[in-house]
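Novice: Curious how this folds, go ahead:
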Amino acid sequence: MRPNLSKTGKMASENGRDLTFGWSGLTLSGTLHVPAGHGPHPVVLMMQGSGPADRDADGYFAPIREAFLSRRLATYSFDKPGCSRSTGDWRDYALEDRVSQAFAALESLRDVREIDGHRTGIWGQSQGGWLVQMMAGRDHDLSFAIANSGPTINVPQQNAYGCEHTMRAEGYSKDEIDQALDFVEQLHEAARLGADYATVDQDLLRPARGSSWYGYISLDDPKDWDLGSMFVRELFEPLDALSRVECPFLAIYGGHDVLLPPWQSAEGSGRALQEAGNADATIVVFPDGDHRIQDRATGVFVAGYLDLLADWAARRAGTT
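Specialist: Purely as a prediction, here's the structure:
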């Protein structure tokens, strides 16, 4: 029941400089990429979406990283716990712990000779966009923050929205979708009440396993249930976080996103940032983009996305 926000993988970066840091007894490993030329350089911490993910997010980060580097911005991303060369298990940590890990990464970057610790920015995709919202609302010394497909609805709402619209796109009937949504709400309520996996398996999962839609929502591992429950119980409200963001903020959405409501999210982001008194907020929807701001048919980033991202960040970091 964890938010299914982003496809990720386990391909590690072959270039750049390895940089590890400690967090809560774990060793988290990543790669620092530094642009050509004399430093110290501003840096962008890049954060993945949901699921197991290495530092490159199965190659998704590579063109984005190159866009930043071409504007003289260094980048850093690290393997989630238990992925590639990081210790631990990513399924033990929900949003608050991921934020804590990210802040530890920023602290380690500020001690690197090639990095200008006074010019640090963050970029996050999908669930990583939630992290960006949380971090930017707490750290007012960030040079900039970019949320890429960062939902402005909370975890239970996103679970339901993604379930409904993904199933609709895949051709499920209205009756099947209604059954699935009712099942999702029962799971949310069980999570709020602190039910253990054995109880949920007996009362909810076993009766549902024969349903045509169960494969979409299957929860057949206790670790997945524990993680999903943590997400629900954290009670994170994105609009509350955004209403406290003071640093330059860029929110980007794809018009064809089926995992979150893009136009509603854009409007909500703008309203919350205005409430914060943020004088440098940019909200962009690429009508032809999907959840990854890519063309659904080709998997290529939509025209203008990479240039917008890198040019906007470079101006805030002072490299242009």
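Novice: mind checking how far the helix or strand bottoming out on mean pLDDT in the chain is from the chain centre?
Specialist: Least confident helix or strand of the chain, by mean pLDDT, DSSP states H and E, is helix 214-217 with a mean of 84. The chain centre lies 22 Å from the centre of helix 214-217; the measure is C-alpha atoms, centre = their mean, to the nearest Å.
Novice: Any buried residues in it, and which?
Specialist: Going by neighbour count (16 or more other C-beta atoms under 10 Å), the buried part of helix 214-217 is Tyr214, Tyr216, Ile217. C-beta: built from backbone N, CA, C; applies to glycine.
Novice: Report the buried residues of the helix or strand Phe183 falls within.
Specialist: Per DSSP states H and E: Phe183 is located in helix 174-192. For helix 174-192, the neighbour count (16+ other C-beta under 10 Å) marks Glu176, Ile177, Gln179, Ala180, Leu181, Phe183, Val184, Leu187, His188, Ala190, Ala191 as buried.
Novice: Throw those into TSV and include pLDDT and distance to Lys80, thanks.
Specialist: Listed next are the buried residues of helix 174-192 as TSV, based on pLDDT from 0 to 100; distance: C-beta to C-beta, whole Å:
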residue	pLDDT	distance to Lys80
Glu176	96	33
Ile177	97	31
Gln179	97	33
Ala180	97	28
Leu181	97	29
Phe183	97	28
Val184	97	25
Leu187	97	23
His188	98	24
Ala190	98	26
Ala191	97	22
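Novice: nearest to Gln294, of those residues?
Specialist: Proximity of the buried residues of helix 174-192 to Gln294 (C-beta to C-beta) peaks at Ile177, which lies at 25.3 Å.
Novice: which residues does the closest one contact?
Specialist: Going by C-beta atoms under 8 Å, 6 or more residues apart in numbering, Ile177 touches Cys163, Glu164, Met167, Arg168, Trp213.
Novice: Now tabulate those in JSON lines and tack on pLDDT, distance to Ser143 and neighbour count.
Specialist: Shown next, in JSON lines, are the contacts of Ile177 (pLDDT from 0 to 100; distance: C-beta to C-beta, whole Å; neighbours: other C-beta atoms under 10 Å):
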{"residue": "Cys163", "pLDDT": "96", "distance to Ser143": "37", "neighbour count": "22"}
{"residue": "Glu164", "pLDDT": "97", "distance to Ser143": "38", "neighbour count": "17"}
{"residue": "Met167", "pLDDT": "96", "distance to Ser143": "40", "neighbour count": "20"}
{"residue": "Arg168", "pLDDT": "96", "distance to Ser143": "40", "neighbour count": "14"}
{"residue": "Trp213", "pLDDT": "93", "distance to Ser143": "45", "neighbour count": "21"}
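Novice: Would you mind writing the CA trace of stretch 254-274 as CSV?
Specialist: These are the backbone C-alpha positions of stretch 254-274, laid out as CSV (Å, rounded to 0.1, in the frame of the first residue of the first chain):
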residue,chain,number,x,y,z
GLY,A,254,2.6,16.6,-16.6
GLY,A,255,-0.9,17.0,-18.0
HIS,A,256,-1.3,13.3,-18.7
ASP,A,257,-0.3,12.2,-15.2
VAL,A,258,-2.6,9.4,-13.9
LEU,A,259,-1.0,9.2,-10.4
LEU,A,260,-2.0,12.7,-9.3
PRO,A,261,-4.3,15.5,-10.5
PRO,A,262,-1.9,17.8,-12.4
TRP,A,263,-4.0,20.9,-12.9
GLN,A,264,-5.4,20.7,-9.3
SER,A,265,-1.9,20.2,-8.0
ALA,A,266,-0.6,23.2,-10.0
GLU,A,267,-3.3,25.4,-8.6
GLY,A,268,-2.8,24.2,-5.1
SER,A,269,0.9,24.7,-5.2
GLY,A,270,0.5,28.2,-6.4
ARG,A,271,-2.1,29.1,-3.8
ALA,A,272,0.0,27.6,-0.9
LEU,A,273,3.2,29.3,-2.1
GLN,A,274,1.3,32.6,-2.3
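Novice: And the contacts of it?
Specialist: Under the contact criterion C-beta under 8 Å, 6+ apart, stretch 254-274 has outside partners 4-5, 126, 147, 149-153, 158, 161-162, 165-166, 168-169, 238-240, 242-243, 245, 249, 251, 253, 281, 283-294, 296, 302.
Novice: Inside helices: which ones of those residues?
Specialist: Mapping the contacts of stretch 254-274 onto helices (DSSP state H) picks out Gln158, Tyr161, Gly162, His165, Thr166, Arg168, Ala169, Pro238, Leu239, Asp240, Leu242.
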